[in-house]
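Trainee: Sequence and predicted structure below; questions after.
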Amino acid sequence: MNRSETANNLKRRLPSVNIVLQEMADVIDLRGHSEVSKVVAITIDGLRQKITLGANPEVSVDGIRAATIEQLEEKNQPSLKPVINLTGTVLHTNLGRAVLPQEALDAVVRVAGAPSNLEFDLAQGGRGERDSHIETLICELTGAEAATVVNNNAAAVLLTLNTLASNREVPVSRGELVEIGGSFRIPEVMLGSGCQLVEIGATNRTHLKDYAAAIGDNTALLLKVHTSNYRIEGFTESVSEIDLAKLAQQHQLPLVADLGSGSLVDFSALGLPHESTAAESIANGVDIITFSGDKLLGGPQCGIIAGRKALIDQINKNPLKRALRLDKMTLAALAEVLKLYRDPLSLTNKLPTLRYLTRPLADMQQQAQRLVPAVRAALPKTFHVGSKTGYSQIGSGALPVETLETIVLSIAPLEVNDSAVRKLSDALRALPCAIIGRIHKGELLLDLRCLDDEDTFLQQLQLLADA
Ligand SMILES: *Cc1c(COP(=O)(O)O)cnc(C)c1O
């Protein structure tokens with residue numbers, strides 16, 4: 001037989017889609033007839049093409065069944081999935097920022113799988129308010145008169161400015177025209193919200209008189225922006241909230257502050273770098289504050305707007321509010337996270353973000369002692385595995401200059417070999433539960449600060465060793 005006769009013979013032996021489907025009742029139960037027959041047909045087509053190209057693949061029903069199951073499984077892998085964050089950045093925007101506490105996870109599951117009183121007043125039997133589930137909590141924790149929530153802090157700033165300053169002027173210090181990761185730049189958000197930015201002062205120094213001079217007939221409000229992710233040092237001056245609030249009041253203008261992270265507890269009491277709190281801003285006379293839910297607060301992605309009731313009422317009437325509002329799962333999670341703040345002493349235990357940020361060095365040292373042998377055993381002998389102190393970052397632009405002393409596992413090739421380190425880092429990311437570290441000066445560093453789930457980490461190492 002010549003080659004094309006062999007190929008034709010093989011093609012004739014290829015089973016039909018229907019014959020294969022007869023052996024796949026269990027898979028059809030799971031994935032549905034149309035999906036399974038589609039993938040079986042693709043598998044058989046693939047074999048036919050291989051044969052045309054001169055290959056001699058297995059053409060049995062069993063073989064096709066197995067290949068189909070494998071493809072179906074791959075197709076149905078979740079795209080969005082958990083990873084192990086050993087980058088040393090606690091609030092890593094690309095890794096989903098804050099990890100939610102169990103109380104919040106339970107609440108999400110409760111409201112997601114059943115109807116809820118999201119906008120239904122159970123006492124009156126009529127329409128209720130979506131914000132009612134979190135407003136009192138936010139007011140309790142910040143001292144504000146009223147509050148609302150939207151999709152993120154960028155949306156909070158946009159909605160606040162669009163409501164209170166559309167087509168009017170807003171003076172902002174040149175030292176506060178920040179860019180926060182990629183697409184959030186204060187000047188651009190202001191443009192998008194329809195207000196006109198009036199730049200005042202200098203990059204390093206802005207005085208009260210600069211604000212005073214900028215106030216005119218068309219001024220809508222005064223805006224102060226937390227310079228979250230950078231710090232100006234040296235010959236600097238900025239105006240305090242208290243002084244700005246006085247000036248704003250004299251001119252009957254609202255003072256709005258974008259706090260960025262906006263902490264709800266005194267960080268210095270937890271042994272962390274000081275960050276002013278939302279309650280302090282309200283007490284200082286700021287009329288509207290906005291801050292993120294998933295930065296230092298440790299909750300779900302959202303933006304909180306709190307302050308004077310008359311202004312919050314206006315914000316709620318803006319049609320954009322509807323476009324930016326929160327869904328029920330986020331509201332449920334946020335309410336539970338906020339409740340944890342009623343007992344500040346338990347926060348470093350119950351709220352993952354604060355637990356990671358305050359994790360004792362000794363705890364991580366002990367973990368390193370447990371893990372070094374396991375990592376060593378999983379890797380080729382060409383790597384040296386040890387542990388040492390390093391520095392974690394808080395992340396998400398919160399407290400950018402401060403770092404936290406930490407313990408890292410350090411993995412270094414015995415001889416300098418950057419490509420071996422990169423390959424190892426790639427292999428760790430390719431695991432079913434990706435392990436994400438960082439490469440620094442020819443070493444792969446795995447920061448233990450956020451490693452809660454040691455079992456999953458060890459399982460992944462085992463898979464790496466097996467591979
Ligand atoms: C992070 C940040 C934002 C954006 O908040 P998101 O919740 O990420 O939308 C806005 N302003 C400041 C000052 C920030 O630090």
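Mentor: Sure thing, it's come through. Just so it is clear, the model here is predicted, and its values are computed rather than measured.
Trainee: got the contact list for Ile186?
Mentor: By C-beta atoms under 8 Å, 6 or more residues apart in numbering, Ile186 lies in contact with Val157, Val172, Glu176, Leu177, Val178, Glu179, Leu197, Val225, Asp258. All C-beta atoms are positioned from the backbone trio N, CA, C, and that covers glycine.
Trainee: Also Pro432?
Mentor: Contacts of Pro432 by C-beta under 8 Å, 6+ apart are Gln460, Leu463.
Trainee: Am I right that it falls within a helix?
Mentor: No - looking at Pro432 with DSSP: H, G, I helix; E, B strand; the rest coil, it is coil, so not inside a helix.
Trainee: distance of it from the ligand?
Mentor: 29 Å (C-beta to the nearest ligand atom, to the nearest Å).
Trainee: quick one, strands of the stretch 1-150 of the chain?
Mentor: For the stretch 1-150 of the chain, the strands defined by DSSP state E, counting those that start in this stretch occupy 84-85, 120-121, 126-127, 146-150.
Trainee: right, so of those, which gets closest to Lys388?
Mentor: strand 84-85 (19.2 Å; C-beta to C-beta).
Trainee: Around Leu158, how many other residues sit close by?
Mentor: 23 (other C-beta atoms under 10 Å).
Trainee: Excluding chain neighbours, what is closest to it?
Mentor: Ser193 (5.0 Å; C-beta to C-beta, 6 or more residues apart in numbering).
Trainee: right, so of the strands of the stretch 1-150 of the chain, which gets closest to the ligand?
Mentor: Minimum separation from the ligand across the strands of the stretch 1-150 of the chain (C-beta to the nearest ligand atom) falls at strand 146-150, 9.4 Å.
Trainee: Residues touching the following helix or strand past that closest one, excluding its own?
Mentor: Using DSSP states H and E, the helix or strand that follows strand 146-150 in sequence is helix 153-165. With contacts defined as C-beta under 8 Å, 6+ apart, helix 153-165 is touched by 149-150, 170, 180, 184, 186, 189-190, 192-195, 220-221, 223, 254, 256, 258, 260, 288, 290-293, 295, 303-305, 311, 314-315, 317-318, 320-321, 324.
Trainee: surely Arg205 meets Gly175?
Mentor: Yes - between Arg205 and Gly175 there is a contact under C-beta atoms under 8 Å: 7.4 Å.
Trainee: which residues are common contacts for the two?
Mentor: Thr236, Ser238.
Trainee: which of those two has more neighbours?
Mentor: Gly175 (20 against 15).
Trainee: Spit out the contact partners of that one.
Mentor: Per C-beta under 8 Å, 6+ apart, neighbours of Gly175: Gly201, Ala202, Thr203, Asn204, Arg205, Thr206, Thr227, Ile232, Thr236, Ser238.
Trainee: confidence score at it?
Mentor: With respect to pLDDT, Gly175 scores 92.
Trainee: Next, it: phi, psi?
Mentor: The phi/psi pair for Gly175 (degrees, to the nearest 10) reads phi -80, psi -10.
Trainee: and it, how far is that from Pro300?
Mentor: From Gly175 across to Pro300, the span is 31 Å (C-beta to C-beta, to the nearest Å).
Trainee: Neighbours of the spatially closest residue to Leu311 that is not a sequence neighbour, how many?
Mentor: Of all residues not flanking Leu311 in the chain, Ile288 sits nearest, at 5.5 Å (C-beta to C-beta, 6+ apart). As a burial measure, Ile288 scores 28 neighbours (other C-beta under 10 Å).
Trainee: Ala98 too?
Mentor: Neighbours around Ala98, by other C-beta under 10 Å: 28.
Trainee: ok, now Leu80?
Mentor: 5.
Trainee: likewise Leu95?
Mentor: 18.
Trainee: residue contacts, the closest residue to it other than its chain neighbours?
Mentor: Excluding its sequence neighbours, the residue lying closest to Leu95 (C-beta to C-beta, 6+ apart) is Asn85, at 5.1 Å. Neighbour list for Asn85: His92, Leu95, Ile436, Cys450 [criterion: C-beta under 8 Å, 6+ apart].
Trainee: Tell me how far Asn417 lies from the ligand.
Mentor: 38 Å.
Trainee: what is the residue nearest to Leu311 paired to in the beta sheet?
Mentor: Note on Ile288: beta-bridge partners Val256, Gly307, judged by DSSP bridges.
Trainee: In CSV: the contacts of Ile186, plus distance to the ligand.
Mentor: As requested, the contacts of Ile186 are exported to CSV (distance: C-beta to the nearest ligand atom, whole Å):
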residue, distance to the ligand
Val157, 6
Val172, 12
Glu176, 9
Leu177, 11
Val178, 6
Glu179, 10
Leu197, 15
Val225, 5
Asp258, 5
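Trainee: Can you flag the buried ones in those?
Mentor: Applying 16 or more other C-beta atoms under 10 Å to those, the neighbour count classes Val157, Val172, Glu176, Leu177, Val178, Leu197, Val225, Asp258 as buried.
Trainee: Settle this for me: the fourth one is touching Val198, isn't it.
Mentor: No - under the criterion of C-beta under 8 Å, Leu177 is not in contact with Val198, lying 11.3 Å apart.
Trainee: and the residue nearest to Leu311, what does it touch?
Mentor: Ile288 makes contact with 160, 164, 254-257, 305-308, 311-312, 315, according to C-beta under 8 Å, 6+ apart.
Trainee: Give me the pLDDT value at the residue in the stretch 301-450 of the chain that the ligand sits nearest to.
Mentor: Scanning the stretch 301-450 of the chain for proximity to the ligand using C-beta to the nearest ligand atom identifies Gly397 as nearest, at 4.5 Å. Gly397 is assigned a predicted lDDT (pLDDT) of 70.
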